[in-house]
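S.K.: The following block contains a protein sequence and its predicted model.
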2 protein chains.
Amino acid sequence: MKISVIVTLKKNVLDPQGTTIKKALEGMSFNNINEVRQGKYFEIDIDEKNQRKAEEKANEMCKKLLANLVIEDFKIIKSL
Amino acid sequence: MKISVIVTLKKNVLDPQGTTIKKALEGMSFNNINEVRQGKYFEIDIDEKNQRKAEEKANEMCKKLLANLVIEDFKIIKSL
């Protein structure tokens, strides 16, 4: 079962990478952009047929390795 | 309106970063992982109330800057 995980910076954490992308987009004449924030995306293919169990495992992986919970949040979503 | 974009490597493109994460997870005794692939995630806050128009703009941004279409695919999703 494939599980998708999105890791984003917490709202109050500065995102200089996002700001740089915003400036680059504005330089390409995309206007009306309020904000860009960048995050990470992981697609984990777990050998587990029970969705709840697979999500639980992914949750643990995020807590232990994929996300830095001091500055990042994560969301587990059904694979897109 | 906030639009989320996920950029992933195409299926046939090697993902050494994902492989490294898989190995790290296995080293932490997470077993039964078939594959890990890493991608990028962008949250773009566009000053545009019409969802279709906002998505079109995000689509153009991906084509022009956010994704390298030679090796990457992108998906635009409603903000999570």
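M.R.: Arrived safely, thanks for sending. Residues are numbered from 1 along each chain as shown, chains lettered A, B, ... in the order given.
S.K.: Quick check: the residue in chain A sticking out farthest from the centre vs B:M61, distance?
M.R.: What lies farthest from the middle of chain A is A:S29; by C-alpha atoms, centre = their mean that is 26.7 Å. In this view, A:S29 and B:M61 are 11 Å apart by C-beta to C-beta, to the nearest Å. Where C-beta positions appear, they are placed from N, C-alpha and C, glycine not excepted.
S.K.: show me where pLDDT drops low in chain A?
M.R.: Scanning chain A for pLDDT under 70 picks out A:79-80.
S.K.: Does chain B have contacts with the longest strand anywhere in chain A?
M.R.: Scanning chain A for the longest strand, with DSSP state E as the assignment, gives strand A:33-46. Yes. Applying C-beta under 8 Å from any C-beta of the partner chain, one finds strand A:33-46 touching chain B at A:33-46.
S.K.: And the contacts of whichever helix or strand comes after that strand?
M.R.: Later in the chain than strand A:33-46, the nearest helix or strand by DSSP states H and E is helix A:51-61. The contact list for helix A:51-61 (C-beta atoms under 8 Å, 6 or more residues apart in numbering or on different chains) reads A:M1, A:I3, A:V5, A:I44, A:I46, A:E48, A:I76, A:K78, B:L25, B:F30.
S.K.: tell me which residues in helix A:51-61 are buried?
M.R.: Buried residues in helix A:51-61, counted by 16 or more other C-beta atoms under 10 Å in any protein chain shown: A:A54, A:E55, A:K57, A:A58, A:M61.
S.K.: Alright, calling it a day.
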